[in-house]
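Asker: what follows is a predicted protein model with its sequence.
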There are 6 protein chains.
Amino acid sequence: MRENRVKTIWSEGGEVITGWLGIPSSVSAELMAQQGWDALTIDLQHGATDYVDALPMLQAISTTNTTPMVRVPWNDPAIIGKVLDAGAYGVICPMVNTRAEAEAFVKACRYAPVGTRSAGPLRASLYGGSDYIKEANKTIITMAMIETEEAVNNLEDILKTPELDAIFVGPSDLSLSMGESAGFDPRFPKVYDAIKYIAETCKKTDVIPGIHCGSVEYGVEMREMGYRFMAFLSDFRMLQQAVSQALPAFRAGQPIA
Amino acid sequence: MRENRVKTIWSEGGEVITGWLGIPSSVSAELMAQQGWDALTIDLQHGATDYVDALPMLQAISTTNTTPMVRVPWNDPAIIGKVLDAGAYGVICPMVNTRAEAEAFVKACRYAPVGTRSAGPLRASLYGGSDYIKEANKTIITMAMIETEEAVNNLEDILKTPELDAIFVGPSDLSLSMGESAGFDPRFPKVYDAIKYIAETCKKTDVIPGIHCGSVEYGVEMREMGYRFMAFLSDFRMLQQAVSQALPAFRAGQPIA
Amino acid sequence: MRENRVKTIWSEGGEVITGWLGIPSSVSAELMAQQGWDALTIDLQHGATDYVDALPMLQAISTTNTTPMVRVPWNDPAIIGKVLDAGAYGVICPMVNTRAEAEAFVKACRYAPVGTRSAGPLRASLYGGSDYIKEANKTIITMAMIETEEAVNNLEDILKTPELDAIFVGPSDLSLSMGESAGFDPRFPKVYDAIKYIAETCKKTDVIPGIHCGSVEYGVEMREMGYRFMAFLSDFRMLQQAVSQALPAFRAGQPIA
Amino acid sequence: MRENRVKTIWSEGGEVITGWLGIPSSVSAELMAQQGWDALTIDLQHGATDYVDALPMLQAISTTNTTPMVRVPWNDPAIIGKVLDAGAYGVICPMVNTRAEAEAFVKACRYAPVGTRSAGPLRASLYGGSDYIKEANKTIITMAMIETEEAVNNLEDILKTPELDAIFVGPSDLSLSMGESAGFDPRFPKVYDAIKYIAETCKKTDVIPGIHCGSVEYGVEMREMGYRFMAFLSDFRMLQQAVSQALPAFRAGQPIA
Amino acid sequence: MRENRVKTIWSEGGEVITGWLGIPSSVSAELMAQQGWDALTIDLQHGATDYVDALPMLQAISTTNTTPMVRVPWNDPAIIGKVLDAGAYGVICPMVNTRAEAEAFVKACRYAPVGTRSAGPLRASLYGGSDYIKEANKTIITMAMIETEEAVNNLEDILKTPELDAIFVGPSDLSLSMGESAGFDPRFPKVYDAIKYIAETCKKTDVIPGIHCGSVEYGVEMREMGYRFMAFLSDFRMLQQAVSQALPAFRAGQPIA
Amino acid sequence: MRENRVKTIWSEGGEVITGWLGIPSSVSAELMAQQGWDALTIDLQHGATDYVDALPMLQAISTTNTTPMVRVPWNDPAIIGKVLDAGAYGVICPMVNTRAEAEAFVKACRYAPVGTRSAGPLRASLYGGSDYIKEANKTIITMAMIETEEAVNNLEDILKTPELDAIFVGPSDLSLSMGESAGFDPRFPKVYDAIKYIAETCKKTDVIPGIHCGSVEYGVEMREMGYRFMAFLSDFRMLQQAVSQALPAFRAGQPIA
């Protein structure tokens, strides 16, 4: 089965930077795939993308050796199975707040006897190889989102879930659930402490901590804190930022510094 | 955040007439949006429309000031979150039969601390404005369908659900569940009494009653009964009716009166 | 090869009424196909429909015995070949103003030795049958649009084009080209006279005259004038009319008479 | 309501062979529909197909009298309702392991008072007829997948589920759940015995046994064992096999025997 | 008919900055439309976009008052008519090298008696208004691309084409045709001189000169040279640039200056 | 720029076998790409595929090192430019009957100064590399179809067209144009002689002869005759054949030999 480069980077002690795809187009996906991200994550939850868009996006990513990952809209075995069969090499599951939810998620990603994923890897075996079913349990990444106060409280228990490879902090929802306003790169003391606590708690386990970042500065800071899977903005937000800088500069007749 | 005109009309004591979109096309959606409906509801349950169709339909509606609403296929936080992030200003949820189901539905529509909706309003913030997350809980309409005898029996309890803005009667399913045949504009005594009872019970609360109507006559009657959100047929059924009148007239050589 | 019912009706001396599809959806197409039109014409010129939309619309029509026709966007052998291979049983070609243009159009619709259509009827042979290539030249309808003053002046010459089965009057463009305003059902004397002249000139040949009508009344009048292929509005316009009658009636509380 | 030919064949004591659609295209679906299968099953679980693809595929199948069926991705009333409204005449539900799961599945397929399916058969009434709601409970096939050891253990109980028309063995998952490797046409003694046991247990009831086969040989064997609904490979696998035979033969200069 | 803001800006002596859409998605189109560009141009020639993608992109642009324009793939009345009927308020036509080509292009954009555009503005009348056909000739912008040495040689003649509103320099093709390498913002003396000559020659006429720019700096320079319609990169190129700056910075641990 | 493997095989004296894609799906395209064909040709002429389908199919092919080619619907610079910009590494152009048509075709495929292709290789530069524009003229294959008696008569002249890399015999149209019936693998003496004549005439030039074959047997024969680019059936026809063999065998209870 084709290697999962994200796992390889982790096993070598490195950190992974993933691009984030919110625009439902295989053209922007292929453009992003050519830019050198370690992984690309197709967002089926908050992006504007559905399964039918994701399939050609996964194909576009597969024109490179960038690792394809998908954030599913919910902890639901139907869509988890579909994106895995479509060739995702990792699944990010939102709103995993308890050990039971973490176990349900992981089971949906693993074939028997470990889990209950149904066998039928159509595109997955084109992409992964003919030994896909045999090797998938060891290759596919399971990543649970920690994005509520409840999840932080249950963190140690969640991290003990067998076959859970990684967790992923959703800073915006975490802030909301702690009574603060939503947004990237929070510095509210309570939220920031939780983010630190998550990194440190993960270090005591084999579970890799990840987080979504809104700036290079914050991303670098998170890496130093111990995060080893950093998502950076999204194609949507990067395009939005680029225009918001260039257009006023053009109107003002002053090139961007 | 952009105003929700349906809420404004209600707050001024008025009634809302919504068109109903069953044809999965942004072209028919834009045509409908130009006709002056107060709102348009994209039907993801019984229409032939899925999320990927709904997104450009929401964009087409947004070329006007018609309020965009979506009926989701089920009481499922995944699709509720997706249509809200896509810019729906109201969600109609089918088959809400108990207080617990009503609460689950409402929570999926509201950000913390009121609910558990996850933050990430991609298109929603383009449409609603940059303060979307702050204002969404006050702006988005939650509307639970009352369409079984069980729901009618639990009505008073359901109406007490915090943050439930409105209910919507599904006359066809209500008739079926009461042992009658399906169809628009039922006059079976038991069903009609239930429809009356729903309107009257709502009047004692802040919850707005709505209903799906199959004719102008019945719609006017429902408005008089106290309903304040009237859906009228659908693009599909209106086109079907129009052809069924014009084509035989053409063959017979007799223009429609 | 499957019969072309439009040709059969003509051969029995009857008239054909075709529905007109401007909404790019196989759902509205199937709805229309169930209504009893003799034919349905997918409009690739002025509708909002492209080849990729037309293919499932042709399949939707093929669930009934309604004859599928396509108006192509231009007198171009590429798109003519594609819609024929996709199973269209008739092609309406816009803006045929001269005998040479008529001949070019017809050639693109016919296999050698009559014309230059390239052989490769993929879906066409699923729909038409395995003897498609052998029988297609006799079965497929070629219909040239007469919609400019120039075309009217060249009419007798155009009608002599071998293998031209029918002509189709575009009243809106004809009016524009004669200095009048666009619109259905013109009664400007010069335009009306031309429409009459076309019908009468066709009667002296084997070429069937057709016309696009905007009302039952005008359609009946055209039939009496000798037109034997009448298009009636479109799904788009019929839906628009239906809403423009029902919605004000609903607001006014007065059911439609 | 239009007849369900699969039910008719069963009622006459015959067996049904269904093609299996994994390629998300209405073109390959129509090609398959023309080949004489008794039924075609669109695979929304392991294929690469989603609801938006399935709709035109159902229309393509409806150009013939092949019975359209759908395997849904999960035991979820939302998608079950949507594929039925889109015109599926039978639903195959994966991973039905207990009587409770079987009952939930069946209820989602039946209108009140038998089940809880919501009324609104848009395309289904175009395809099935205007009496669809009245007749659907008797016409639509419910087929639960038996594909885990747990399901085999619960088989007798599952088969007593009212309104369950058929079961369908998933040999690959069944093998996995019994500790063997995945794949078509298993001959592992324990798995093979279970497959035999399922056929024999069904014979004592009115529930029809079905199974997915990977070769004509195994299929014929299963038919002899008592299976009466045989799925054969898929369009995807048949195309893959055909190329894997022809291409090396071409390179070697040796026509296929 | 709805105002053409580009024409208004020009009539007030101002310059227009247009965004450029190469990603075939209505989501990125709506994002771009919200950023304050005067116009957005959908590129059907070199982007990855076709008519079916362009339609919802035009709808997405129409949620704002940004003027929608389309670059067609070729000087072909079929696609020119289709994008105008879809609501484009301006057409940019590539490779207009002679007066005859310019006239053919302009005629395809204008209704009789000025041109030969066929009447049937489906979406265009939803967007533009019910008086669309009457006002379109005055409202729609015709813009011919000057992008070969031949075109520069014929410039004075081309500029005399009646109803030609503007020209648009394609610097990359112009450089290629003059024996230089392709790319944005050319400074090859011969090419630069031609670009200057074009601006100066236009000043003597009513035809507005436009040009595609690859940097704010060059754009500002062109504006000073007299260009009054400046396209700036594209969504595709802006996203590519943004990633190519952010990702290495992230890896290096050094935020972008 | 990425190598064109078809050219490499030819330069090494070898023959190329291309699969043929008539099903408009990136899923079947990726399946085919995994099977070891030297090239895959997407058929935009007689398949059911349009540009919007072709784009993700090209991406799917690009997940392997199979060379992507496209048969365009017509000798039209608009679509030729679009498929090249989308990353096609070779273009097959139908119905090239004269030297002038061959020259027009070749010019549309080449940048200045050789031809008139417009510069803007969006996806092409992602796939081919950043030096695409510089190297494309040497890398892209131009292949003209010889499929009429007229073309055979003009063959020697056509073969002298500068920059024409290959020709491709369309046996079905060639047979039709010579008064015989359409179909693969013709053995009509006159047609067969022409096919032989084409191979022999090409041998005296640098132009590679290609042909479409319907069986391994005929393909092998053509290779021996000197053809060096052999297309084999299509995904559509291979699937059709596979079912037409398996299904009757299943019904008869006799496995395929």
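Answerer: Ah, there it is.
Asker: wait, what's in contact with A:Leu31?
Answerer: Shown in contact with A:Leu31 (Cβ atoms under 8 Å, 6 or more residues apart in numbering or on different chains): E:Phe236, E:Leu239, E:Gln240, F:Leu126. (C-beta placed from N, C-alpha, C; glycine too.)
Asker: please disregard the earlier target; I meant A:Ser172.
Answerer: A:Ser172 neighbours (Cβ under 8 Å, 6+ apart): A:Glu147, A:Ala182, A:Gly183, A:Phe184, A:Pro186, A:His212, B:Ala119, B:Gly120.
Asker: repeat for A:Ile195
Answerer: A:Ile195 sits next to A:Val169, A:Pro171, A:Leu174, A:Pro186, A:Ile211, A:Met222, A:Met225 when contact means Cβ under 8 Å, 6+ apart.
Asker: burial check on the fifth one, number of neighbours?
Answerer: To tie it back to what came earlier, the one meant is A:Ile211. The tally of other residues near A:Ile211 (other Cβ atoms under 10 Å in any protein chain shown) stands at 26.
Asker: looking at this, it is in a strand?
Answerer: Yes - the assignment for A:Ile211 by DSSP: H, G, I helix; E, B strand; the rest coil puts it in a strand.
Asker: could you measure from the closest residue to it other than its chain neighbours over to chain E?
Answerer: Residue nearest to A:Ile211 in three dimensions, not counting chain neighbours: A:Val169, with 4.1 Å by Cβ to Cβ, 6 or more residues apart in numbering or on different chains. Note on A:Val169: its distance to chain E, by Cβ to the nearest Cβ, to the nearest Å, is 17 Å.
Asker: beta partners of A:Val169?
Answerer: A:Val169 has these beta-bridge partners by DSSP bridges: A:Ile146, A:Ile211.
Asker: hang on, isn't it packed against A:Cys213?
Answerer: No - counting by Cβ atoms under 8 Å, A:Val169 stays clear of A:Cys213, with 9.7 Å between them.
Asker: how many neighbours does the residue nearest to A:Ile211 have?
Answerer: 26.
Asker: what sits against it?
Answerer: Contacts of A:Val169 by Cβ under 8 Å, 6+ apart are A:Met145, A:Ile146, A:Glu147, A:Ile195, A:Ile198, A:Pro209, A:Gly210, A:Ile211, A:His212, A:Tyr227.
Asker: dump those residues to JSON lines, plus distance to B:Pro24 and pLDDT.
Answerer: Listed next are the contacts of A:Val169 as JSON lines, based on distance: Cβ to Cβ, whole Å; pLDDT from 0 to 100:
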{"residue": "A:Met145", "distance to B:Pro24": "31", "pLDDT": "98"}
{"residue": "A:Ile146", "distance to B:Pro24": "37", "pLDDT": "98"}
{"residue": "A:Glu147", "distance to B:Pro24": "33", "pLDDT": "98"}
{"residue": "A:Ile195", "distance to B:Pro24": "42", "pLDDT": "98"}
{"residue": "A:Ile198", "distance to B:Pro24": "42", "pLDDT": "98"}
{"residue": "A:Pro209", "distance to B:Pro24": "42", "pLDDT": "98"}
{"residue": "A:Gly210", "distance to B:Pro24": "37", "pLDDT": "98"}
{"residue": "A:Ile211", "distance to B:Pro24": "38", "pLDDT": "98"}
{"residue": "A:His212", "distance to B:Pro24": "33", "pLDDT": "98"}
{"residue": "A:Tyr227", "distance to B:Pro24": "42", "pLDDT": "98"}
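Asker: can I get those in TSV including distance to F:Met69?
Answerer: Listed next are the contacts of A:Val169 as TSV, based on distance: Cβ to Cβ, whole Å:
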residue	distance to F:Met69
A:Met145	44
A:Ile146	49
A:Glu147	47
A:Ile195	51
A:Ile198	51
A:Pro209	47
A:Gly210	41
A:Ile211	45
A:His212	41
A:Tyr227	45
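Asker: for B:His46, state which of these is nearest.
Answerer: Of all the contacts of A:Val169, B:His46 sits closest to A:Met145, with 32.6 Å by Cβ to Cβ.
Asker: who are the contact partners of A:Gly14?
Answerer: A:Gly14 makes contact with A:Arg228, according to Cβ under 8 Å, 6+ apart.
Asker: go on, A:Leu58?
Answerer: A:Ile42, A:Pro68, A:Val70, A:Ala86, A:Gly87, A:Ala88, A:Arg123, A:Tyr127.
Asker: excluding chain neighbours, what is closest to the second one?
Answerer: Nearest residue to A:Pro68, sequence neighbours excluded (Cβ to Cβ, 6+ apart): A:Ile61, at 4.4 Å.
Asker: so the one you found is in contact with A:Ala33, correct?
Answerer: Yes - using Cβ under 8 Å, A:Ile61 is in contact with A:Ala33, at 4.7 Å.
Asker: which parts of chain A are strands?
Answerer: Taking DSSP state E, the strands of chain A run over residues A:16-21, A:39-43, A:67-71, A:90-93, A:141-146, A:166-169, A:208-213, A:229-232.
Asker: what's the pLDDT at the closest residue in space to A:Gly183 that isn't next to it in sequence?
Answerer: Among residues not flanking A:Gly183 along the chain, A:Ser172 sits closest, at 5.9 Å (Cβ to Cβ, 6+ apart). Looking at A:Ser172, its pLDDT is 98.
Asker: and the gap between A:Ser172 and chain E?
Answerer: From A:Ser172 over to chain E the distance is 19 Å, taken as Cβ to the nearest Cβ.
Asker: what do you get for A:Ile9?
Answerer: Separation of A:Ile9 from chain E (Cβ to the nearest Cβ) stands at 12 Å.
Asker: let me see the contact set for that residue.
Answerer: So A:Ile9 contacts A:Glu15, A:Val16, A:Asp38 (Cβ under 8 Å, 6+ apart).
Asker: buried residues in stretch A:110-121?
Answerer: A:Arg110, A:Tyr111, A:Ala112, A:Gly115, A:Thr116, A:Arg117, A:Ser118, A:Ala119, A:Gly120, A:Pro121 (16 or more other Cβ atoms under 10 Å in any protein chain shown).
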